[in-house]
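Q: With the input below, show me the fold.
(2 chains)
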Amino acid sequence: MRFLRIWSLAAAEMRSCRRLARTWVFIVIAVLAAVGQWIQLTVVHQFGSSISPSAGMFGPRYLMAAFSSMLVLVFTLGILFLAFDIRSRDIRDRIGEVMDSRAVSNFELVVGRLLGIVLLLSIPCFVVVLLLSGYGVIAEMFNLGFGSAIEPASVLSFLVWDIVPNLMLWGSITIFLAIVLRYRLLVVLVGLALMIAWFFFSVRLPVFVAASLATTSSGTTWPSDLVPVFFSTDILINRASIVVLSIGFLALAAACHPRQVGSRARMTWAGTGVASFVAVALSLGSLVYSKLLDVKKFENWAAVHEQHQLHSATDIQSVRGTVDIRPGNSIHLDLTLTLKSLGGSSDDSWLLSLNPGFRIDELTVNGAASSDHTFEDGLLWIPASRDGSDPEVRIVAQGKPDARFAYLDSKIVLSKGSAWNTQQLGMFGYESIKFSPGYFALLPGASWFPSSGAAYGKTDWDVRARDFFDLDIEVLAPKGWIVAGPGTREPITKQKREGFRFNPTAPVPEFALIGAKFDRRSLVVGGIEFELLMGKKHSKNMEQLVRVVPSLEEWIEERLAILNQSGLEYPYGTLSFVEVPLPLRVYGDGWRMGSVYAQPGIQMFRESGLSLARFDGPISHREAAQTDETQIPKFILAMLRRFFESDYQGGNPLITVGFNLVNYQTTPTGPGATALSYVIDELATKLATEGDGYFSIYEGSTPRGFNQMNNATMIRIGGGGANQSSINFRQMFSDRPSVWEHVLETPLNDIDFHTDPGSAYHALLLKGYPIARSLIDGFGEEAVGNLLRELVSRYSGTTYTAEQFSQTAVDLGMDIESLLGNWLSTTGLPGFVVGESDVVRLESKESGESVYQSTFLIRNDEPVPGVIRIGYEYDSGDKKWNFLDLNKPLRVDASSSIRIAHQSAEPPLVAVIEPYLSLNRDAVRVAFPKLEDYEPKEGETLPFMVDTDWRGPDPDSVIVDDLDDGFAVDKDRIGSKEDEMPPWLRAMIGMPDPEFDRGLPAGDLGRRIGLDFGQGAWLRNYGSGAFGKYRPTYASSYGGPEGASSTFAAMLPHEGTWRLEYHLPWKGKSEYSISGPFFSVSTSQRSEVGQFQIVVNLGDDEESIEFDGDSSKSGWNELGEFDVTDRLVDVTVTTERWSNVIADAVKWTPVSSGE
Amino acid sequence: MTEASTDSAPAIEISGITHRYDKKTAVLDDVSLTLGTGFFGLLGANGAGKSTLMRIICTLLKPTEGSARVCGYDVVDECHHVRERIGYLPQSFSAWRLHRTEEVVDTLAALSGMTNKKERRKRVAEVLEEVGLADVADRKVKKLSGGMVRRLGVAQAMVHNPQVLVVDEPTVGLDPEERMRFRQVMTNMGQERTILLSTHIVADLGSGCSQIALIDEGALAFQGSPTALIEQARGQVFQVSVPLESSGVVEEKHEIVSRTVQGADVEFRIVVKNKLDLSFDATEVENPSLEEAYLAFMSRRGKVEGARQDEIDEVEEPKKRFGRRRIKKIPKTTQ
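A: Prediction:
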C-alpha cells in the first residue's frame, strides 16, 4: 500500500464529490437536520429544564446521547448516495480504462476512494459538531442565555468512535456493492435494504448482544461530566472490528473488481476479505460471548441466591471498622460485624452476601481465625457457634466490586431485553455502581459491604424481615475528596488520605458511599445539616439557587416544627444531596424496582437535572415582573418543588426524604407489609415535605408510559409549568378502570406483587395514596407524626407487623378501622350518593345581614365507612373552590346518611364532594338550584352536619344502569383490543393502553376512531348528565354495519303496574382528546342521541316503542306504565345500522301493587 | 515516474495472441509482434482488432491464448509492473467532468508514481504546454472541446514519461493543426521510448514512424517499415487524367486515392490490384505515399473498401460523438 497514491485517489474522489450537486444537497440537509435538532433540544431544555429534571437528559450538555444516532444515520445514508456509483462514474466519465491502466492496485483504488468520501463527509460532520460545541462554550462564557457547551468527551468519542467507523463500514459496503452489482439502482436498493435490515436486526437483539455489535455509542453510553467516557474496552474492540470489517469489504471489492489483475493478487484480496470477516466474527463473537457469560454469571448468581432468599436467621446487629477506598482500583474492607446468635434457629451457619469481586483475606469469629467458612458466588457462609453469645465476625477483604453482581432479583433485566424494548429503560442508567478513578458511587444493591442473608428477595418484606444494624465505620478516600454516607461525616486526621467517620445514631438497613472532589454547599436548619455535593463543573446553577436559602430555611423550619411537634426526628444528622453521573442506575431490584437514589442520609440527583437546569430564565423573568425582592426566594422555592415533583426518573427528593424518618429505621414485615410500608412512606413524605411525585420503572421503561409522561411534561412545559395537574403521573397511571377492578377484587395484603408487579404497584398507588391522605387529613399531621414516632420508638432497628401497627395506633387513640374500615385485608369501599339540594336566603337575626344556606343529603350506601371533603363553587367571576375544613374531613359511617348545611355570603352554585377513596372514583358534584330572586326567608341556621334517615334516591324504584349486572350488549359488538388503534401507534403518540370498564371498551379518541366510527362497537362513556349510582357512565354505539342492541334486565320485587323511564345523559358536547409528544388535539362531538327502538319484554307480553332521543329531554323520560305479571323483565334497545344509540339506565317505579 | 527502459528485453513482445469475446469469433488470431524503442504504427480497419490488442498490452484485457510482455513483464501475471511502465490513451477517452484539466493530469501523474509534488507540478505544466492545454489548465473538463479532451488524453498518457506509450486512435477529433502538432510530439517522444499508435488514418503516422504493423481481421497482415510497405505497392498506384465529363467512369471502375481538377480535366491517383485491370491509359506512380501503399496493400487483400470506409468513419465519427456539431465532408480532391 502506497499512501501517496491512496491519498491522490482520495483527493480526486473528494474533488469529484465536492463538485457534485447531490453532495451539497445532502450536506445542507444533514447540517440543517443536525442544527434543527440541536435547536429543538436546546429550546426544550431552555424552557423545560426548569420544570422537570427529566427534560435535562436531552439538553445541550449531553446532546450527543440524543444526537449522535441521528447524525450517524444521516451521514451513513449520505455515504450510500455518494458511493453507490463510484465505479460507474468512471465509466460514464470515460476514464475507467485510464484508471485501470494506472499502477495502482485494486485495493489502493478502493481504499483511496473510500478515504476520499469518508473524509468529505466527516468534515461537515466534524464542523457542525465542533461549531455547536464552540457556540456552546461561547454561550456559557458570555452568558448568552441560549445553549451550552456539549460535554467534550462525548463529542470526541462521537467523532472518533462513531462517525468515522460508521462511514468506513457503510462506505466499504457500498463500494463493494458498487463493484459487484451492475446496476446503480440495485446498489442503492441493496445498500438501503442492508441498512434497514441491520437496524431491525440490531434493535431486536438482546441488549447484551446489541451493545457488543452496536456501531454507535449512543444508547449504550451516556455522557457524563462527573465521569467522562471517551472510550471503553468494548468500544475499542467493537470499533477495531468495524474497521477490520471495512477492510474486509474493501479487500473483497478489490478481489471482485472487474479490472484485470493477476490471479494471485485477486486471491490475496479475497483471502484478506475472508480473513477479515473471520477475524471480525471472532472478535465480536468473543465480545458477545463475554457478555453472554456475564448474563450467565448473573443468572447463576441469581439462582444461587434465590435458593437461600428465605434465610433470615442471620441478623447483623452492628458493623464497625474501616473502608479504605482507592477509586478505580480497589476497596479494602476491615469490618467487624456483631451478629445475633442463631439461638433456636435450625440453621447451622450465618449467611452473608458480599460482592464476589472481593477476596477475603482474613475472617475471624470472636478473634479466632475461621478456616471453614466458604465464600462463593457472593455467599459467605460462616459456621455458627452454639454458645448462645452474639459473635463478632471480623472480615478483612479487598477487591474491586463486580458491577455485574447487583440487583439479582430485578423483574426487568436490561441486558436481556431487546434494544428496541429497552431504549427507555436505558435512560434510567445501566451501571449498578460507579467506581472510577475520579468518582465512586457505592450503592448497596451491589453488596459491596457484607449484608445479612442472600442478595435476593431482600425487599420481599411480607416473607423476609428487613435487617437493620448500627453502623460505625471509618472511610478512607484520596486527598481532597469528600465522601457522602449515612449521615454526618466526622473528619479524621490521616496523612495522605482523607478520613471520615460515619456513626449514625439510628440504625440503617443499608447504606451508600459516594465520593469525589465535590463542590460543597451546606445549610444548617434545626440542627440538621443539609449539604449539597456537586461536580465542580456544575456549580454555576448554585449562584442562582443560593437566593432560595431564606425561603428554604423558612420552609424547612416549618416542616421540622410539624415533625418536632410529634417527636419525629431526622435521625442521621446530615442529609447529603449528592450529584451522580447519568449512567448510574436509578432503579433497584425486587418486585418494586423503586428508586435507589434515596439512601440513609443521602439523596442523589442526576447530573442532568438540578445541575444544568436553566433556572436563570424563569428567575429573571420573575425579577422583571416582580418588584418585591423578598418574593423571589419564595418563587424559587416553589419552582424547585414543582421541578422535583415533575421528576419521573426517580430523583424526586420530596418523596424519598421521608424514607429516612421511618422506613430506614423500622419496616413492616409479614402479610400486608409491602402495602403498609408504602402507606408509611407516604405518611412520612407528606409530613416531611408535603411532596408528591411518581416513579415506576414499569411505566417509565415502556415506550407508551415514557411517551405518556413525556407528553404530560411537554404539556406542562408548553404551559410554562403552570398546568400541574397534567403532570400528575400517579393519577394518570393508577386511576384506570383495570386498576380499579384489581383493587375491587383483591385486598392490598393479597396483591401478588411478583406476577404483574407493574399493575400491582398501580393498585397499591390507587388505594394506598388516598388511604395515607385520609389518615393525615382525618387524624391530623401531629397525630400521624405521633404514630410514626411511636413506631420508630417501639421498633427501631427491627420490624413490626400490620397488627402491631394497628395496635400502636389504637394505643395512641387512633381508631383507623372506624375511619377507613379494614383497608388492608378487605376490598370494600364506601360509595356515596347525594340527594335533594336547596339554597335559601336567611335573614340573620343578630346582624341583620342575610346569609345563603345551602343543604343537601349524602348517603354512604356501602357497608364500609368512608371519608369525604366538601367544597363549594360560587358564582363570583372566577370559579372558586373553597374546601371546608380541609384538614378534618367528614367521616360517613357505613350505610348511613347525613345532611350537610352550609351558610355563605354568596349563593353557591355547586357543592363538590371529594371522596378520598370510594366507589365513586371521582368527585361528586351537587348542583344547587339557581333562583332568580333570593327572597330572604325566616328560618333557622342549621348545623353543618346531622344524621338523617334518608334511604337514598328512589328507594322504591328498581334502576338498571349500564354498569349493573343486568345490563348486556350484543356480544359481537363489544370489540377487542385488536380492533383498535395499533399498539405501536398508541405507544408512539403516548396514548394509554386500551382499557375495558366493566367489560366494555372505555372510550377515548383512539377507540372512537377504531371502534365507534369503524365498527360501531359498544363503548363505555363518561360524563356529567349520565346516570350512575356512583359513577355517571353510559354505553353507546354508532350502530355499525349491522346495528346494535343492548338489554337492561331486572327482577322486580313484585308484580303489578310499573312505570318505566329511560335515562338520557346530558345532550351536550362530548370532548375527546389525544396527545403525542409534541402535540395535543382535542375534539368535541355533539351527542346525537338518535332514534332507536325500545322493546319492553314482560315475559309473555312484549311492547315495542319508537324512541326519538333527539326530541327527548336529558334525564328520565317516561316510556309508559306496564302491567307486570312476570317479575323478570327486560328492556332491549336496538338501533338500525349506522345509527347512534345510547344506553344509560332504565328505572322501574311501582305505580300499584298487583295484589 | 518511470525512465526509459535500459534493459535488453523488447519493449513489447507479443506472442501468438488470440482473443475471443465468444466461442465463435476470434477478434485476434495468433498475433505475434515484437517492438523495440521507437514509434510504431498499428494500422487496420475498424474492427480489425487493433484496440483489443492494445487493451491486452495495457493489461486491461486478458488474452484468450498467447502471451504478451511489456519491458519483459507478462501483461497478465505481472500486470502491475507493466502498468508502472506504460502510458495509455484509449480510443474513447474523457476525464472526470468536474475536475480541472490540471487536476486530472496531476492526479493521474500521482497515481503513476510521481510522488514528488514539486516535480509533478512542473511536469504537469510542461506536458500541458506540450499538448497546448496550458491556457485551459484551470478549465473544467466538461468545458473542454473534443479536441482538447483528446489532447488531455495525450497529456495524461505521457505525463509520467512512460517507457511504453500506447495510444489508440489519438487524433480522432483533432483539427489538422492539432494533428500536426501531435505527430511532432509523438516523433519526439519516440526517440527515447516505445510508442505504439493505433490508427486507421495513415497520415497520422507521419515521418517519425519507424515500423508499421497491419492488422486485418484479427491477424497480423504486415509488419515492417513504411518503406517496405511502399515498396510493395509499386506497380499498383497509378495516375490518370481524364476530361471532367468522363471522371465518373474512372470513379466507378477504380479505387480513387485522390482527385484533382485541373482545368477541364480531372487527375486521379488510383490503386489497382493488377495493372491489367486498368481500362484506360495511366501512368504508374513511382513513389507512392504511405497511404497509397496501405490502400494498395488492402486492395491486394480485397479489403480496400474497408480501408476507405475507415476514412469515411473518420469523418462520421465526430458526428456520432458530438451529434449536433456541423461536420465538414472531406473533399475527394486533395491538393
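Q: Could you use CA atoms for every contact and neighbour count after this?
A: Fine.
Q: can you tell me which residues contact B:Asp204?
A: Contacts for B:Asp204 (Cα atoms under 8 Å, 6 or more residues apart in numbering or on different chains) come out as B:Thr171, B:Arg179, B:Arg183.
Q: Can you check my assumption that the first one lies in a helix?
A: No - B:Thr171: not assigned to a helix; according to DSSP: H, G, I helix; E, B strand; the rest coil it is coil.
Q: what residues are up against it?
A: Taking Cα under 8 Å, 6+ apart, we find B:Thr171 in contact with B:Arg150, B:Arg179, B:Phe182, B:Asp204.
Q: what's the residue in the stretch 101-250 of chain A that chain B sits nearest to sitting at in phi/psi?
A: Closest residue of the stretch 101-250 of chain A to chain B, Cα to the nearest Cα: A:Ala103 (4.7 Å). Main-chain torsions, A:Ala103, degrees, to the nearest 10: phi -80, psi 60.
Q: check contacts around it.
A: B:His80, B:His81, B:Arg83, B:Glu84, B:Leu111, B:Ser112, B:Gly113.
Q: Of those residues, which belong to helices?
A: Of the contacts of A:Ala103, the ones assigned to helices by DSSP state H are B:His80, B:His81, B:Arg83, B:Glu84, B:Leu111.
Q: Give me the neighbour count for the second one.
A: The one in question is B:His81. Neighbour count for B:His81, taken as other Cα atoms under 10 Å in any protein chain shown: 16.
Q: Grab the nearest non-local neighbour of it.
A: B:Tyr73 (6.5 Å; Cα to Cα, 6 or more residues apart in numbering or on different chains).
Q: Let me know whether the one you found touches B:Glu84 as I believe.
A: No - applying Cα atoms under 8 Å as the test, B:Tyr73 and B:Glu84 come out as separate, 10.4 Å apart.
Q: hmm, back to that, looking at the ones in helices among the contacts of A:Ala103, which is nearest B:Asp265?
A: Within the ones in helices among the contacts of A:Ala103, the smallest distance to B:Asp265 is 55.5 Å, found for B:Arg83 (Cα to Cα).
Q: Show me what the longest helix along chain A packs onto, helices and strands only.
A: With secondary structure taken from DSSP H, chain A has its longest helix at helix A:263-307. Here helix A:263-307 touches helix A:207-213, helix A:233-256, going by 3 or more Cα pairs under 8 Å, 6 or more residues apart in numbering or on different chains; DSSP states H and E.
Q: could you dump those to a markdown table with mean neighbour count and distance to B:Trp96?
A: Shown next, in a markdown table, are the helices and strands packed on helix A:263-307 (neighbours: other Cα atoms under 10 Å in any protein chain shown; distance: least, Cα to Cα, whole Å):
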| stretch | mean neighbour count | distance to B:Trp96 |
| --- | --- | --- |
| helix A:207-213 | 23 | 39 |
| helix A:233-256 | 24 | 21 |
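Q: Just the mean pLDDT for stretch A:818-837, thanks.
A: For stretch A:818-837, the mean pLDDT works out to 90.
Q: buried sites along that stretch?
A: A:819-824, A:826-835, A:837 (16 or more other Cα atoms under 10 Å in any protein chain shown).
Q: Next, the distance between the ends of it.
A: Distance across stretch A:818-837, first residue to last, is 28 Å (Cα to Cα, to the nearest Å).
Q: Relative to A:Ala10, how far out is A:Pro504?
A: Taking Cα to Cα, one finds A:Pro504 at 67 Å from A:Ala10.
Q: who's more crowded, the two?
A: Neighbour count, other Cα under 10 Å: between A:Pro504 and A:Ala10, A:Ala10 has more, with 26 against 22.
Q: I'd say that one and A:Gly116 touch.
A: Yes - A:Ala10 is within contact range of A:Gly116, at 3.8 Å (criterion: Cα under 8 Å).
Q: for the stretch 151-300 of chain B, which spans come out with low pLDDT?
A: Along the stretch 151-300 of chain B, segments meeting pLDDT under 70 span B:276.
Q: And the helices in it?
A: Secondary structure of the stretch 151-300 of chain B by DSSP state H, counting those that start in this stretch: the helices cover B:176-189, B:226-233, B:247-253, B:290-300.
Q: Beyond the helix or strand containing A:Asn541, next helix or strand please.
A: Under the criterion of DSSP states H and E, A:Asn541 resides in helix A:540-545. With elements assigned by DSSP H and E, the helix or strand that comes after helix A:540-545 is helix A:549-565.
Q: That following helix packs against which elements?
A: With 3+ Cα pairs under 8 Å, 6+ apart as the test, helix A:549-565 has strand A:519-525, helix A:631-645, helix A:673-689, helix A:781-795 packed against it.
Q: closest to A:Glu1121 out of those?
A: helix A:673-689 (51.8 Å).
Q: Enumerate the residues of chain A near chain B.
A: A:4-5, A:8-9, A:12, A:15-16, A:19-20, A:90, A:93-95, A:97-105, A:259-263 (Cα under 8 Å from any Cα of the partner chain).
Q: Could I get the contacting residues of the residue most central in space within chain A?
A: The residue lying closest to the centre of chain A (Cα atoms, centre = their mean) is A:Gly700, at 3.4 Å. Residues near A:Gly700 by Cα under 8 Å, 6+ apart: A:Gln424, A:Leu425, A:Tyr648, A:Gln649, A:Phe706, A:Met709.
Q: buried stuff in stretch A:902-911?
A: Going by neighbour count (16+ other Cα under 10 Å), the buried part of stretch A:902-911 is A:His902, A:Gln903, A:Pro907, A:Pro908, A:Leu909, A:Val910, A:Ala911.
Q: Which pLDDT value belongs to the closest residue to A:Arg2 other than its chain neighbours?
A: Of all residues not flanking A:Arg2 in the chain, A:Glu108 sits nearest, at 7.5 Å (Cα to Cα, 6+ apart). With respect to pLDDT, A:Glu108 scores 93.
Q: what pairs with the residue most central in space within chain B across the strands?
A: By Cα atoms, centre = their mean, the mean C-alpha position of chain B lies nearest to B:Thr199, the distance being 2.4 Å. Beta-bridge pairing for B:Thr199 (DSSP bridges): B:Leu43.
Q: Measure how far the strand or helix carrying A:Leu4 is from the centre of its chain, please.
A: In this assignment (DSSP H and E), A:Leu4 forms part of helix A:3-18. Distance of helix A:3-18 from the chain centroid (Cα atoms, centre = their mean, to the nearest Å) equals 52 Å.
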